[in-house]
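**Student:** Have a look at this fold, sequence not included:
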């Protein structure tokens, strides 16, 4: 079972318990737990989906010999304030 499915299953158990809770205080806490687990489950689903997209992009990218070489040039920050000879 995937993590996302497990979290969503736990959320559904909290939802069922919330509907059977006898008092508002218990319902409120169970609702918070249900919402939290549902959010984590939905986030896991999105992360799994996005990692699949990323894997596809990496596999479809041109090989290193075909890629244009990108050069990174580090430029020192501009000096600020008066220089020692300016005083």
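**Tutor:** All right, it came through fine. As the structure is a prediction and not an experimental result, all values here were calculated from the model. Numbering: from 1, shown residues only.
**Student:** only C-alpha atoms for contact and neighbour calcs from this point on.
**Tutor:** Will do.
**Student:** Give me the nearest residue to residue 42, chain neighbours excluded.
**Tutor:** Distance criterion Cα to Cα, 6 or more residues apart in numbering; nearest residue to residue 42, sequence neighbours excluded, is residue 4 at 6.7 Å.
**Student:** after whichever helix or strand that neighbour is part of comes which helix or strand?
**Tutor:** Using DSSP states H and E, residue 4 falls within helix 3-20. Next helix or strand after helix 3-20 toward the C-terminus (DSSP H and E): helix 24-60.
**Student:** Just want the angle from that next one to helix 3-20.
**Tutor:** Interaxial angle of helix 24-60 relative to helix 3-20 (axes from the mean of the first three to the mean of the last three Cα atoms, to 10 degrees): 160 degrees.
**Student:** Give me the helices and strands touching helix 24-60, please.
**Tutor:** Under the contact definition 3 or more Cα pairs under 8 Å, 6 or more residues apart in numbering; DSSP states H and E, helix 24-60 sits against helix 3-20.
**Student:** list the buried ones in the helix it packs on?
**Tutor:** Buried residues in helix 3-20, counted by 16 or more other Cα atoms under 10 Å: 4, 7-12, 14-15, 17-18.
**Student:** Export those residues to TSV and append columns for pLDDT and distance to residue 53.
**Tutor:** Shown next, in TSV, are the buried residues of helix 3-20 (pLDDT from 0 to 100; distance: Cα to Cα, whole Å):
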residue	pLDDT	distance to residue 53
4	90	17
7	95	22
8	95	23
9	96	25
10	96	27
11	96	27
12	96	28
14	97	32
15	97	32
17	96	37
18	96	37
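**Student:** Kindly indicate which of those lies nearest residue 47.
**Tutor:** residue 4 (9.6 Å; Cα to Cα).
**Student:** Would you mind measuring from that closest one to residue 56?
**Tutor:** To residue 56, residue 4 is 21 Å away according to Cα to Cα, to the nearest Å.
**Student:** Might you list the low-confidence residue ranges for the chain?
**Tutor:** Residue ranges of the chain with pLDDT under 70: 1, 61-87.
**Student:** repeat that for 90
**Tutor:** Along the chain, segments meeting pLDDT under 90 span 1-3, 46-87.
**Student:** What distance do you get for residue 60 to residue 53?
**Tutor:** Distance of residue 60 to residue 53, given as Cα to Cα: 11 Å.
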